[in-house]
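In: return atomic coordinates for the entry below.
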Amino acid sequence: TLGEELDGSALDALRAAAELCGEADLPLLVENEPGFGAQTGADLAQLIEDAGSANLFVNWDPLNSNEFDEAGLTAGLETVFPLVRHVHVKNGRLAPGERFARCGPLREGEIDWAAHLRLLKELEYEGWLGVETHFEPFREGSEIVLRELREMLARIREEG
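Out: Have a look, this model is predicted:
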């Protein structure tokens, strides 16, 4: 399992953090992240299962999965969906040999955000969407991403 691949102290630290957060009545969210043992939805689900804490949940970031086709993203999200409490909204392009995508506007990246938002709606997601800009100038970039997100959400609402 993924947990066996990680250093035991990392899983112990994750369990301890989840317990500490639980004592404060706070959920602990783990984000999928390239190269850190939980890149895909399946990886993240396995990590949380291996940690064995009822207080671990998911911060889903589709761009971090590096699985940009709709089928891969759908499978990843569906795998972790019962645990998703927050979704990072950002987009970018992954250059050959790179681990992290170079971010930009939502409409200019690898993720089909309109399709991903429709999937979230279909799955009846009711949690938060957090804009992650990661490109300069940050203020203007955030305004662009937020405007694009609002436009996509409005279109999806109009679709019914």
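
In: which regions of this protein sit below the pLDDT cut-off?
Out: Along the chain, segments meeting pLDDT under 70 span 1-7.

In: change it to 50
Out: 1-4 (pLDDT under 50).

In: torsion angles phi and psi at Cys103?
Out: phi -80, psi 160 (degrees, to the nearest 10).

In: where along this structure do the strands fall?
Out: 28-31, 56-60, 84-89, 91-93, 102-104, 128-131 (DSSP state E).

In: in the protein, spot the helix with the most residues.
Out: Counting by DSSP state H, the longest helix found in the chain is helix 138-159.

In: elements contacting it?
Out: helix 113-122, strand 128-131 (3 or more Cβ pairs under 8 Å, 6 or more residues apart in numbering; DSSP states H and E). Backbone N, C-alpha and C define where each C-beta goes, glycine included.

In: how about the ones you listed in TSV, adding distance to Leu106 and mean neighbour count?
Out: Output for those, formatted as TSV (distance: least, Cβ to Cβ, whole Å; neighbours: other Cβ atoms under 10 Å):
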stretch	distance to Leu106	mean neighbour count
helix 113-122	5	17
strand 128-131	9	13
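
In: and of the ones you listed, who's closest to His86?
Out: For those, the distance to His86 is smallest for strand 128-131, at 4.9 Å, taking Cβ to Cβ.

In: what sits closest to Ala95 if chain neighbours are left out?
Out: Among residues not flanking Ala95 along the chain, Arg102 sits closest, at 6.5 Å (Cβ to Cβ, 6 or more residues apart in numbering).
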